[in-house]
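1. Structure here, sequence nowhere to be found:
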């Protein structure tokens, strides 16, 4: 395969690492081993999460090559539009309104395999942006903090141009279930693996709709904190429909002990590495269900702060065989006499490599 044909294949199949690795082989054979190694390293890293043991090693190797060659390898894109590298190739980044992105020169957009689009003015001209041929190259959207209405979400859900989306952030947008359900029903989002929906007005109905989404089985990161999600939503999340989830944040949701019990039934989240349960109304009763859950076996980071957990729960927390892999635990203990704090904290620190306590409680 020639250089030109290999690059064309990458632009036509941006999510397929095979064609990128074929191009890396071509580079190796044609005297460009550093560039070939960079592509291979980033492709390997993209398959992992930050919780995998090899991720730091790969990140370090990538950083060395990036520091040496980023100006040369990223020169194809004007500096103001450079967003780093994605699996060995420059990643485009544009902070613009939807209207401006729609009007961008297609020749500029074609310089990067994929693009990240973000702006507090993203909603201006949004329909034109989604309908433009430029949108086909968009892999990431960050519309957090904008008035991203249900009709705008519907535009994304209905558009075939959204086919390459991998990461979407719709946090603090005021989205309701109409918007959430419309997004989940899209047939075009099969590559989506990061979804941020925190601090909206979503309920269990959106989570139920998500179970049938075309991306449910491949989604890796799901941020739902600050929504009106309760025990029914927790039951859906534990159903096995989201078996690829690595990070799940439910902080600030209305789970209570009943929701924790539903979440911890069965083994529907086998790949989970981070679980955020801050301020979910959990007491010692809910914690007992949580620490007895085999689904915590792979978890590396656990956030339990802001709940009604008492010192009585420290022993079952420490004795749980499912928490052996936890390296970071955030927790605060209610009704804890100040004189017992140092002792309890010392025990927790001995068990977990890194413990963060509620800053309102002093040693």
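-> All right, it came through fine. Keep in mind the model is a prediction, meaning the values are calculated, not measured.
2. Run through who's touching the helix or strand containing residue 35.
-> Using DSSP states H and E, residue 35 falls within helix 33-46. Helix 33-46 is contacted from outside by 17, 20-21, 23-25, 27-28, 54-55, 58-59, 61-62, 65-66, 68-69, 73, 85-89, using C-beta atoms under 8 Å, 6 or more residues apart in numbering. Every C-beta, even on glycine, is put in place using the N, C-alpha and C of the backbone.
3. Please repeat the previous calculation with a cut-off of 6 Å.
-> The contact list for helix 33-46 (C-beta atoms under 6 Å, 6 or more residues apart in numbering) reads 17, 20, 24, 27-28, 58, 61-62, 65, 87-88.
4. which one among the residues you listed gets closest to residue 177?
-> Using C-beta to C-beta, residue 87 comes nearest to residue 177 of these, at 35.2 Å.
5. and that closest one, what does it touch?
-> Applying C-beta under 6 Å, 6+ apart, we find residue 87 in contact with 20, 42-43, 46.
6. which ones are touching the residue positioned nearest the centre of the chain?
-> Among the residues of the chain, residue 221 comes closest to the average C-alpha position under C-alpha atoms, centre = their mean, at 3.3 Å. Residues in contact with residue 221 (C-beta under 6 Å, 6+ apart) are 194, 247.
7. Ramachandran coordinates for it?
-> With angles defined as degrees, to the nearest 10, residue 221 sits at phi -130, psi 130.
8. before we move on, what about residue 219?
-> The phi/psi pair for residue 219 (degrees, to the nearest 10) is phi -60, psi 130.
9. Do you know the pLDDT at residue 362?
-> Residue 362 is assigned a predicted lDDT (pLDDT) of 43.
10. what about residue 95, how many neighbours?
-> 16 (other C-beta atoms under 10 Å).
11. hang on, the earlier thing: okay, and which of the contacts of helix 33-46 map to helices?
-> The members of these that map onto helices under DSSP state H are 17, 20, 24, 27-28, 58, 61-62, 65.
12. sorry, back to before: can the contacts of helix 33-46 go into TSV with extra columns for pLDDT?
-> Below are these laid out as TSV (pLDDT from 0 to 100):
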residue	pLDDT
17	96
20	97
24	97
27	96
28	96
58	97
61	97
62	97
65	97
87	97
88	96
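13. Nearest to residue 348 among those residues?
-> residue 58 (31.3 Å).
14. got a list of what that closest one touches?
-> Residue 58 sits next to 41, 44-45 when contact means C-beta under 6 Å, 6+ apart.
15. can you give me the strands for this protein?
-> Secondary structure of the chain (DSSP state E): strands at 82-86, 89-95, 115-118, 138-142, 167-169, 194-196, 221-223, 247-249, 274-276, 301-303, 328-331, 354-357.
16. Can you name the residues that contact residue 236?
-> 207-208, 211.
17. ah, wrong one, I meant residue 169
-> By C-beta under 6 Å, 6+ apart, the neighbours of residue 169 are 142, 144, 196.
18. Dig out what it forms beta bridges with.
-> residue 142, residue 196 (DSSP bridges).
19. Number of residues surrounding the nearest residue to residue 168 once chain neighbours are set aside?
-> Spatial nearest neighbour of residue 168, chain neighbours left out: residue 141 (5.1 Å); criterion: C-beta to C-beta, 6 or more residues apart in numbering. Residue 141 has 24 neighbouring residues, counting by other C-beta under 10 Å.
20. next one: residue 315
-> The burial count for residue 315: 10, using other C-beta under 10 Å.
21. Please report how far it lies from residue 286.
-> 16 Å (C-beta to C-beta, to the nearest Å).
22. Over to residue 260?
-> Residue 260 sits at a distance of 4 Å from residue 286 (criterion: C-beta to C-beta).
23. per-residue pLDDT, the residue nearest to the centre of the chain?
-> 98.
24. What's opposite it in the beta bridge?
-> Per DSSP bridges, the residues bridged to residue 221 are residue 194, residue 247.
25. May I have the phi/psi pair for the residue nearest to residue 265 when sequence neighbours are not counted?
-> Spatial nearest neighbour of residue 265, excluding adjacent residues (C-beta to C-beta, 6+ apart): residue 238 at 5.6 Å. Per-residue torsions, residue 238: phi -90, psi 0 (degrees, to the nearest 10).
26. Residue 238: neighbouring residues, count only.
-> Residue 238, neighbours per other C-beta under 10 Å, totals 20.
27. for it, what are its contacts?
-> Residue 238 touches 263, 265-266, 268, counting by C-beta under 6 Å, 6+ apart.
28. TSV for these, including neighbour count and pLDDT?
-> Formatted as TSV, the contacts of residue 238 follow (neighbours: other C-beta atoms under 10 Å; pLDDT from 0 to 100):
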residue	neighbour count	pLDDT
263	28	97
265	14	90
266	14	78
268	19	91
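29. how about a markdown table for the strands of the chain, with distance to residue 161 added?
-> Output for these, formatted as a markdown table (distance: least, C-beta to C-beta, whole Å):
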| stretch | distance to residue 161 |
| --- | --- |
| strand 82-86 | 19 |
| strand 89-95 | 15 |
| strand 115-118 | 12 |
| strand 138-142 | 8 |
| strand 167-169 | 14 |
| strand 194-196 | 18 |
| strand 221-223 | 23 |
| strand 247-249 | 27 |
| strand 274-276 | 32 |
| strand 301-303 | 36 |
| strand 328-331 | 39 |
| strand 354-357 | 42 |
